[in-house]
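Novice: Next comes the sequence, and after it the predicted model I'd like to discuss.
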Amino acid sequence: MGRKVAVIHTTAVTYEGINSRLKALAPDAEVMNIVDDSLLNDVKREGKLTKEVTRRLMTYAFEAQDWGAKLILNACSSVGEGVDVIRPLLTIPYLKIDEPVARTVVERGDKIAVYGTVKTTLEPSARLIRRIAESAEKDVAVDSYLASDAFEALTAEKNQDKHNQILEALIRDTQEQYDVLVLAQASMSVLIPCLSDISKPILSSMDSGVEAAAAALKEL
């Protein structure tokens, strides 16, 4: 059996995509999935990451570490800033799925558009890009675009096609003025094939985040 990795999800939407990618990139890894959609619901209700959500996130991280995980991957940008609090308390790496894409975005462009369907994901994603740019001493302009109706289509109506259509229209209407386009949520990576005719780089946190986790597993 390969090394153990824990993935902490705040929605079942990310489960299949992340697990299929991990299996392809690290086929011998033993994956533990922790799915708690109440985390995201609480963040959305409060409009921000709370101490209570961070505490529960910490509990899951310590459970994963006690289980024998060699690495934890956080699958949700809405609670990503809680990872910064928890990391120093663990003895294993705790990765954020959106960190690799944020670094790549800063390297590839000065004008950046970030698209999301949940405000509490969109805002932390934009902040992360700005923090990474600041640490790299690079000036960037980051604009955020929220499509909350796409989230409702996906979760309440279970309508993936409608979700995709809403986001695709938004991206096509706004993309021209930017160097790089960012899909803030891992669940949005399904849009990339639909936008293949757009010449701008379109980056998703899911692909680069899972690739980083698989690479880190191999180095441990």
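Specialist: Received the coordinates, thanks.

Novice: mind listing what H163 touches?
Specialist: For H163, the contact set (C-beta atoms under 8 Å, 6 or more residues apart in numbering) comprises T117, A150, F151, A153, L154. Heads up, the C-betas are built off the backbone N, CA and C, glycines and all.

Novice: quick one, what contacts the third one?
Specialist: Neighbouring residues of F151 by C-beta under 8 Å, 6+ apart: T117, V118, H163.

Novice: Using a markdown table, lay out these together with distance to K138 and pLDDT.
Specialist: As requested, the contacts of F151 are exported to a markdown table (distance: C-beta to C-beta, whole Å; pLDDT from 0 to 100):
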| residue | distance to K138 | pLDDT |
| --- | --- | --- |
| T117 | 28 | 91 |
| V118 | 27 | 88 |
| H163 | 33 | 93 |
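
Novice: This protein: helices as residue ranges?
Specialist: Per DSSP state H, the chain carries helices over the ranges 13-25, 37-46, 51-67, 80-86, 99-108, 119-135, 148-155, 160-174, 205-219.

Novice: what angle do the helix or strand of the chain with the lowest mean pLDDT and helix 37-46 make?
Specialist: The helix or strand of the chain with the poorest confidence is helix 148-155; it has a mean of 89 (mean pLDDT, DSSP states H and E). Angle of helix 148-155 versus helix 37-46, following axes from the mean of the first three to the mean of the last three C-alpha atoms, to 10 degrees, is 150 degrees.

Novice: Where among the helices of the chain is average confidence lowest?
Specialist: Lowest mean pLDDT of the helices of the chain: helix 148-155, a mean of 89.

Novice: May I ask you to confirm that E123 is in contact with V142?
Specialist: No. E123 is beyond contact range of V142, at 10.7 Å (criterion: C-beta atoms under 8 Å).
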